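1. Build me a structure from this.
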Amino acid sequence: MSALDASPDARRGDFEIVPPGSRFFALPSPFPMKRGGVLHGARLAYETWGTLNAARDNAILILTGLSPNAHAASHEGNPAAGWWEGMLGPGKAIDTARWFVVCVNSLGSCKGSTGPASIEPGTGEPYRLRFPDLSVEDGADAAHALVRALGIERLACLIGCSMGGMTALAYLLRHPGGARSHINVSGSARALPFSIAIRSLQREAIRLDPDWNQGHYDETRYPESGMRMARKLGVVTYRSALEWSGRFGRVRLDSDRRHDDEPFGLEFEVESYLEAHARRFVRQFDPNSYLYLSRSMDWFDAADYAPDAQGDRVAAALASIRIERALSIGVETDILFPLQQQEEIAEGLAAGGADARFAPQPSPQGHDAFLVDIERFGTAIGGFLAG
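-> From the prediction side, this is the model:
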């Protein structure tokens, strides 16, 4: 099984956007899905940095949040800045002069990996809602298949960010011995009711847009309003009230930026920011993929892997993971993946025998801090990897 079997020129759906320089791994076919169904001819998009050493023991795998692609940082194949540019590269916290780094685009996404926007074999049409129910575990299994195809028996470190933190725990639970160490960045072992509620509203905004049309939309009829509202809800929860206040206050738009003839139109700078952010997102992400990935997070619960049904089943599941070292890092202002969830991960892994450290950060930037507060997160992550 080759890590370069799938052609990047294979026909894609309307809303698949693949960065230049992506590589493609053909998943085993059929590929079984956790909640039923299989995928045929599926692929996983990924990118790499650095060099795998002769012992094949210097590999780091990065698992992403819901919307990022595999382009975490620039490289020869794609010099554009990646979503974690400040963290990854020669001499940076994740030092590619030392480590061989792999970042995958999540199964179910629309950034190169097979998902609802991909063409379904045998029909010539996008899967849409015929795509099998997607779980976080499916993403973990797909990533593990890629790692093994690259000839890596055991990762030096498995890094998961946000949704990727869930996927990383699923990887460790389902593939024992798959990594020597783990960094969980603003992740969790299960979704909390608040997070489920927010994502439920996001999905409802998309589904109630008439142009969603039960998943049957195209370039001319696209659920733009639903996707805009879903993205705005997300952005509000990605940052903190402290940052919103410090960044925008109650500053109003200049008169030439207001549409006074529009009832209840945009009036404040913060509203304009949300609108601009949302408009950059629509048509850059497939609505059905958003629905599938969002629901997969709500479904994940590490307690399902508890070896004993008694007591704290999440703690028991985490304690069943066998790794040497772990870092669980988050911020005090994160309302989507609250800090106590990263503390729970560290405590659970420590109970299983890992040298696990909990590293709370005082960043005001909420859940998105790991993307923008590189100084704080880079110091913690770089220090852990240097050890």
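
2. can you name the farthest residue from the center of this structure?
-> D261 (40.2 Å; Cα atoms, centre = their mean).

3. Can you list phi and psi of that one for me?
-> phi -80, psi 0 (degrees, to the nearest 10).

4. Residues contacting stretch 330-347, please?
-> Residues from elsewhere that reach stretch 330-347 (Cβ atoms under 8 Å, 6 or more residues apart in numbering): 162, 165, 169, 184-189, 192, 194-195, 198, 237-238, 240, 242-243, 314-315, 318, 326-329, 356-358, 360-367, 369-370, 373. (C-beta placed from N, C-alpha, C; glycine too.)

5. Buried ones only from those residues, please, as a ChimeraX command.
-> Filtering the contacts of stretch 330-347 down to the buried ones (16 or more other Cβ atoms under 10 Å) takes a single ChimeraX command:
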select :162,165,169,184,185,186,187,188,189,195,198,237,238,240,243,314,315,318,326,327,328,329,356,357,358,360,361,363,364,365,366,367,369,370,373
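
6. Show me the contacts of stretch 330-347 that map onto helices.
-> 165, 169, 194-195, 198, 237-238, 242-243, 314-315, 318, 369-370 (DSSP state H).

7. From F31, how far out is V147?
-> Distance from V147 to F31, counting by Cβ to Cβ, to the nearest Å: 15 Å.

8. Also A168?
-> Noted for A168: a distance of 20 Å to F31, by Cβ to Cβ.

9. Which of the two has more residues huddled nearby?
-> A168 (29 against 22; other Cβ atoms under 10 Å).

10. Skipping its backbone neighbours, what lies nearest that one in space?
-> G160 (2.9 Å; Cβ to Cβ, 6 or more residues apart in numbering).

11. Could you give the bridge partners of A59?
-> F100 (DSSP bridges).

12. who are the neighbours in contact with it?
-> L52, W99, F100, V101, V102, V147, L150, I152, L155, A156.

13. Mean pLDDT per helix and strand in the chain: which one sits at the bottom?
-> Ranking every helix and strand in the chain by mean pLDDT, DSSP states H and E puts helix 241-248 at the bottom, with a mean of 88.

14. Break the chain into its domains for me.
-> Following automatic domain parsing, the chain resolves into domains at 23-191+300-386, 195-293.

15. Could you look over those domains and pick the most buried one?
-> Sort the domains of the chain by mean neighbour count, taking mean count of other Cβ atoms under 10 Å, and domain 23-191+300-386 sits at the top with a mean of 21.

16. Need the per-residue pLDDT for E137.
-> At E137, the pLDDT value in this model is 98.

17. switch to numbering from 5
-> Sure, I'll start numbering at 5, so the last one becomes E141.

18. so how far is L343 from the spatially most central residue of the chain?
-> What sits nearest the mean C-alpha location of the chain, by Cα atoms, centre = their mean, is G69, with 1.5 Å. Counting by Cβ to Cβ, the gap from G69 to L343 is 17 Å.

19. same deal with D312?
-> Distance of D312 to L343, given as Cβ to Cβ: 27 Å.

20. next one: V335
-> 7 Å.

21. who touches R211 in this structure?
-> G230, L295.

22. Could you pull out the helices in the stretch 205-354 of the chain for me?
-> Along the stretch 205-354 of the chain, the segments classed as helices by DSSP state H, counting those that start in this stretch run 228-242, 245-252, 273-285, 291-303, 317-323, 343-355.

23. Dump the ones you listed into CSV; add distance to W216 as well.
-> Formatted as CSV, the helices of the stretch 205-354 of the chain follow (distance: least, Cβ to Cβ, whole Å):
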stretch, distance to W216
helix 228-242, 6
helix 245-252, 29
helix 273-285, 16
helix 291-303, 6
helix 317-323, 34
helix 343-355, 31
